[in-house]
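J.: the following block contains a protein sequence and its predicted model.
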Amino acid sequence: MTNENEVWEDLSSIPADPPKMREICTRCRRPCVVCWCPFLPSTPLHTLCRVVLLQHPAEERRCLRTAPMLSHSLATDRCLIYKGKRFPQNRHDGLEEILKSPNSVLLYPSKDAVEIQNLPLVSEIIEPYNLIIIDGTWPQAKAIYHSTTMLHHLKQVKLTSGGISEYVIRTQPTDGCLSTLETAAQALAIVERRKDIIDILLQPMKALCSFQLNHGAVTHQSKEFRIKNETYPKQIGKRLSRLLKQTEASNSNVS
């Protein structure tokens, strides 16, 4: 009987009302106490070029991603997001015209890609660029590229001096890999000759990293860095091994 009384006492101490849920920001969908919206530009940035994201469906489900930061930071018509594994599809209004446009370029580090610094500046061309970026992990990006034949006919460009990603709460394959937001910011800054774009666009990402690190997250080194320093805990797969060899070859050519 004593045990039964103890059980009832324990049950009676449980609050009748459900626990209060954390308040969620309606824009970034994060808890308000760690919302990055205050770090967005006060007025959406109106760039000359448009950023066009081809987003893998799995990327949308990630809780830590930078595409929403880019979308909210740029003026409405300056950032277009199309979702899917293959492009274009019937639901992708206007994308086929963009992919056929002579002023569209794909940021993709293929063997035929040229350094984006070698493109004519926006001030030197008739129409500004459509900067097309595949938003997803490296394997997802490769799968989208190979299944979308229209991308193969686009002029392909690459960033070779982007440095190491400041998105330290997510692991990058190599030291030269950047997040979607960083890629767009670097590309826009180069073709429009506006270094201030980088600082403006990266503010919410830096705030997010700071929030996460202050709440127990750890800094992530790239897989390339950890492999070189013999701290990578897994066996290297063929795909990652090929990527690292391509990166070493590219760095050798640049130097």
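T.: Sure, I can see it.

J.: let me see the contact set for Gln203.
T.: 39-41 (Cβ atoms under 8 Å, 6 or more residues apart in numbering). Backbone N, C-alpha and C define where each C-beta goes, glycine included.

J.: which SS class is Leu80?
T.: strand (DSSP: H, G, I helix; E, B strand; the rest coil).

J.: so what pairs up with it in the strands?
T.: Using DSSP bridges, the bridge partners assigned to Leu80 are Val52.

J.: list the buried residues for the longest helix along the chain?
T.: For the chain, the longest helix by residue count, based on DSSP state H, is helix 196-214. For helix 196-214, a neighbour-count test (16 or more other Cβ atoms under 10 Å) marks 197-198, 200-205, 207-212 as buried.

J.: for stretch 149-169, same thing?
T.: 150-151, 154, 156-160, 162, 165, 167-169.

J.: need the residues you listed in TSV with secondary structure and distance to Trp138, can you?
T.: Converted to TSV, the buried residues of stretch 149-169 look like this (DSSP: H, G, I helix; E, B strand; the rest coil; distance: Cβ to Cβ, whole Å):
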residue	secondary structure	distance to Trp138
Met150	helix	21
Leu151	helix	15
Leu154	coil	19
Gln156	strand	16
Val157	strand	17
Lys158	strand	14
Leu159	coil	14
Thr160	coil	17
Gly162	coil	15
Ser165	coil	13
Tyr167	coil	14
Val168	coil	18
Ile169	coil	17
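
J.: will you turn those residues into TSV that also has pLDDT?
T.: Formatted as TSV, those follow (pLDDT from 0 to 100):
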residue	pLDDT
Met150	96
Leu151	97
Leu154	97
Gln156	97
Val157	97
Lys158	95
Leu159	94
Thr160	85
Gly162	63
Ser165	90
Tyr167	89
Val168	87
Ile169	83
